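> turn this into a structure:
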Amino acid sequence: MANKKAIRDAYGETLAKIGEENENIVVLDADVASSSKSILFGKKFPDRYFNVGIAEANMVGMAAGFAASGKIPFANTFAAFIMLRAGDPVRSLIAYTKLNVKLAGTYAGLSDSYDGASHHAITDIAFMRSLPNMAVLSVVDAVEAELATRAAAEFVGPVYLRLSRAEVPIIFDKSSYKFEMGKGVQLTEGSDVTIAATGYMVAKSLQAAEQLKTKGIMARVINIHTIKPIDRELLIRCAQETGAVVTAEEHNVLGGLGSAVSEVLAEEYPVPIEFVGIRDTFAESGDYELLLEKYGLSVDNIVNKVNKVMKRKNKQCGLLMK
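Residues are numbered from 1 along each chain as shown. So this is what the prediction gives:
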């Protein structure tokens with residue numbers, strides 16, 4: 001994980017590539033083209049690129065019209081704004097009618113760190129996954145950003161693509177990594193606990209797993225890049241085989257990955273579970289990594305949550321043996 005690349009750069013480069021491959025792809029942006037990197041598509045295909053200005057709801061309405069006309073629109077703005085300012089047309093025009101629109105929410109989580117709470121997106125997963133018909137993707141690194149963007153373009157139906165601003169470690173090898181919507185990926189072996197993570201927290205979970213190994217705890221790390229439809233089969237199998245789960249996400253603990261995982265396991269195979277995420281609070285402005293540390297999104301906090309869930313697991317096993 002020594003090499004790093006910004007997820008938004010990989011996304012913009014991929015948009016330009018798939019634009020060459022499919023002339024039905026059109027791109028819209030709400031006046032943040034340099035930030036979302038959709039400008040790379042715009043420079044190559046100006047006739048298929050539309051900067052609508054600071055009018056997110058209008059942009060989504062236009063995207064719906066393009067989709068109804070047979071095009072494949074990618075609508076781009078900050079994740080906080082595509083969720084809040086454009087929430088009504090996202091729900092009523094796109095999700096309700098199952099239109100083939102791709103919503104790219106950039107600067108997700110706390111990655112727009114210095115712009116503060118108004119620009120942080122810590123409730124977008126909760127909103128988007130609650131919409132019927134909406135698929136939700138949350139990418140880990142630049143390699144997955146490219147593959148997820150391609151998968152979203154090929155998928156017929158509405159997709160929310162959650163993208164970070166941050167320059168993050170490259171985890172995957174493009175030549176061998178297989179990305180499939182709806183299928184999580186097991187990254188490490190482990191029989192003691194499962195760490196189910198998404199986005200940048202996957203890299204931190206892998207670091208936590210290395211620390212835990214030195215203490216004799218073998219943690220299985222799985223990447224849940226598709227929040228919806230979530231990989232129920234993988235989650236149930238991991239819960240059965242390890243008996244404890246920790247979720248890790250750059251999102252409010254309410255309504256995000258942790259909630260989605262809990263819903264599956266509560267129905268199918270209940271085990272002790274702990275959550276790493278933002279504890280239902282707004283974050284302040286500041287350095288990105290310092291914000292992650294302050295609000296509990298750290299390697300040390302993942303380790304602490306694993307230790308806590310292991311105690312609960314061992315206590316439960318002791319009670320069952322009596």
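> any weak-confidence spans in the stretch 101-250 of the chain?
Within the stretch 101-250 of the chain, not a single segment meets pLDDT under 70.
> what segments of the stretch 201-322 of the chain are strands?
Assigned by DSSP state E, counting those that start in this stretch, the strands in the stretch 201-322 of the chain fall at 219-223, 226-228, 245-252, 273-278.
> an error on my part: the question was meant for the stretch 1-150 of the chain.
So, for the stretch 1-150 of the chain - with DSSP E, counting those that start in this stretch - the strands run 4-6, 25-29, 49-51, 72-78, 102-106, 135-138.
> list the strands paired with the third one, with their directions.
Its sheet considered, strand 49-51 pairs with strand 25-29 (parallel) by DSSP bridges.
> repeat for the fifth one
Its sheet considered, strand 102-106 pairs with strand 72-78 (parallel), strand 159-162 (parallel) by DSSP bridges.
> roughly how far is the shortest one from the heart of the chain?
Which is strand 159-162. Chain-centre distance of strand 159-162: 8 Å, with C-alpha atoms, centre = their mean, to the nearest Å.
> show me the contact partners of the helix or strand following that strand.
The helix or strand immediately downstream of strand 159-162 is strand 167-169, counting by DSSP states H and E. Outside strand 167-169, the residues within contact range by C-beta atoms under 8 Å, 6 or more residues apart in numbering are 1-7, 140-142, 200, 203. No exception for glycine: its C-beta is placed from N, CA and C like everyone else's.
> for strand 167-169, list every residue counted as buried.
Residues of strand 167-169 classed as buried by neighbour count (16 or more other C-beta atoms under 10 Å): 168-169.
> just stretch 48-67 next, same as before
Buried, per 16+ other C-beta under 10 Å, within stretch 48-67: 48-52, 56-64, 66-67.
> and those residues, which two are furthest apart?
Greatest spatial distance in the buried residues of stretch 48-67: 48 and 57, 21.5 Å, computed using C-beta to C-beta.
> for residue 38, give its distance to residue 131.
23 Å (C-beta to C-beta, to the nearest Å).
> which stretch among the strands paired with strand 102-106 comes nearest residue 119?
strand 72-78 (6.1 Å).
> for the strands of the stretch 1-150 of the chain, which one sits closest to residue 195?
Proximity to residue 195 (C-beta to C-beta) singles out strand 135-138 among the strands of the stretch 1-150 of the chain, at 15.3 Å.
> so which elements touch that closest one?
Strand 135-138 is packed against helix 124-129, helix 142-154, strand 159-162, strand 226-228, with contacts defined by 3 or more C-beta pairs under 8 Å, 6 or more residues apart in numbering; DSSP states H and E.
> from residue 254, how far out is the nearest residue to residue 201 once chain neighbours are set aside?
Distance criterion C-beta to C-beta, 6 or more residues apart in numbering; nearest residue to residue 201, sequence neighbours excluded, is residue 248 at 4.0 Å. Computed as C-beta to C-beta, the residue 248 to residue 254 distance reads 15 Å.
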